[in-house]
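Visitor: fold the following and give me the result.
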Amino acid sequence: MKGCQRFYIKIFDNTRCPKGVSGTCFYKKHPASAGKGTVATPIINRKGKSEDYFYIESKQGLISEAQMGSLEFHTWGSNVDHLDKPDIMVFDLDPDEGMDLSTVRQGVMDVKEILSELSLKSYLKTSGGKGYHILVPLQPSASWDAFYEFSRLVAVVMEKKWPDRYTSNVRKASRKGRIFIDWIRNGRGATSIAPYSLRARKGAKVSMPISWDELDTVAPDGINMWDALQRIDKEDPWKDFFQNNQRLK
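Guide: Residues are numbered from 1 along each chain as shown. The predicted structure follows:
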């Protein structure tokens with residue numbers, strides 16, 4: 001996949017559905033053993049204990065995981081070369097139930113506006129669910145604590161600027177009529193759905209990179225597996241994603 005190779009070397013969790021999405025699925029965070037194209041690596045957790053996580057190092061690893069029934073891939077915000085220096089910030093727009101799609105799309109543009117004011121270039125993808133994801137590629141320079149706090153403050157700024165539209169509070173009660181700007185995925189050990197990943201849901205929707213110009217024409221769950229395969233042969237909207245030299249100041 002174009003634009004996907006750099007995501008191979010990120011620590012990831014996955015959702016396995018050996019009998020398809022209509023059967024029982026389970027979340028796999030730690031490997032029983034490394035397979036072809038996957039590598040186990042020890043990571044010190046918050047309690048100071050070492051646990052084995054794993055990452056994919058090649059296309060063979062993706063194929064191997066698919067053969068094991070893995071449908072969803074969720075990645076860390078850092079990669080194995082610099083685990084404690086995150087390089088991808090994610091903002092997940094999680095709208096209240098029944099919210100009009102035009103309101104969600106306005107939320108995307110408001111996030112983009114705030115990030116642009118901070119001189120940060122951002123990129124857009126579908127979630128394969130009910131919202132959009134805005135990603136910010138960064139040079140791996142800041143600590144996880146600084147990274148996490150910066151993303152929280154972006155959500156707080158939005159909440160204060162447009163209190164009737166957004167909340168930075170994860171509680172369901174706070175989302176009534178609002179969009180939760182999910183910044184919590186930017187903590188060490190947290191994951192978010194990877195670009196190009198299928199979702200373990202009916203219809204095989206894909207979390208797909210799209211251009212900003214497509215926001216008004218592509219729904220959050222508007223790209224399925226067949227659509228994604230056709231898009232791979234077209235111009236990559238994220239072609240310069242890993243060429244940015246952005247840093248948190």
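
Visitor: now do the SS call for Gly48.
Guide: Of the three states, Gly48 takes coil under DSSP: H, G, I helix; E, B strand; the rest coil.

Visitor: mind checking the SS state of the nearest residue to Tyr123 once chain neighbours are set aside?
Guide: Excluding the flanking residues, the one nearest Tyr123 by CB to CB, 6 or more residues apart in numbering is Leu135, at 4.9 Å. Placement of C-beta: from N, CA and C, glycine included. With three-state DSSP as the basis, Leu135 sits in strand.

Visitor: and the pLDDT at Leu135?
Guide: Leu135 carries a pLDDT score of 98 in this model.

Visitor: so it sits against Lys125, correct?
Guide: Yes: contact criterion CB atoms under 8 Å: Leu135 and Lys125 qualify, at 6.8 Å.

Visitor: of these two, who's got more company?
Guide: Between Leu135 and Lys125, counted using other CB atoms under 10 Å, Lys125 has the larger neighbour count: 25 against 20.

Visitor: got the CA positions of the strand ranked longest in the chain in PDB?
Guide: Counting by DSSP state E, the longest strand found in the chain is strand 70-79. Output of strand 70-79 as PDB, limited to C-alpha atoms (Å, rounded to 0.1, in the frame of the first residue of the first chain):
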ATOM      1  CA  SER A  70      -7.000 -10.200  12.200                       C
ATOM      2  CA  LEU A  71      -9.400  -7.500  10.800                       C
ATOM      3  CA  GLU A  72      -8.500  -4.400  12.700                       C
ATOM      4  CA  PHE A  73      -5.000  -3.000  13.400                       C
ATOM      5  CA  HIS A  74      -4.600  -0.300  16.100                       C
ATOM      6  CA  THR A  75      -1.200   1.400  16.400                       C
ATOM      7  CA  TRP A  76       0.800   3.400  19.000                       C
ATOM      8  CA  GLY A  77       1.700   7.000  18.300                       C
ATOM      9  CA  SER A  78       5.400   6.100  18.200                       C
ATOM     10  CA  ASN A  79       7.400   3.500  16.500                       C
END
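
Visitor: tell me how far it lies from the chain's centre.
Guide: Taking CA atoms, centre = their mean, to the nearest Å, one finds strand 70-79 lying 8 Å from the centre of the chain it belongs to.

Visitor: check what contacts the very next helix or strand once past it and list those residues.
Guide: Per DSSP states H and E, strand 70-79 leads on to strand 88-95 as the next helix or strand towards the C-terminus. Residues outside strand 88-95 that contact it (CB atoms under 8 Å, 6 or more residues apart in numbering): 77-78, 103-104, 107-108, 111, 127, 130-138, 147, 150-151, 154-155, 175, 178-183, 185-186, 192.

Visitor: and for stretch 136-155?
Guide: Under the criterion CB under 8 Å, 6+ apart, residues 77-79, 81-82, 84-91, 111, 114-115, 118, 120-123, 166, 168, 181-183, 186-188, 241-242, 244-248 lie in contact with stretch 136-155.

Visitor: between Leu135 and Lys125, what contacts are shared?
Guide: Taking CB under 8 Å, 6+ apart as the criterion, Leu135 and Lys125 both touch Pro195.
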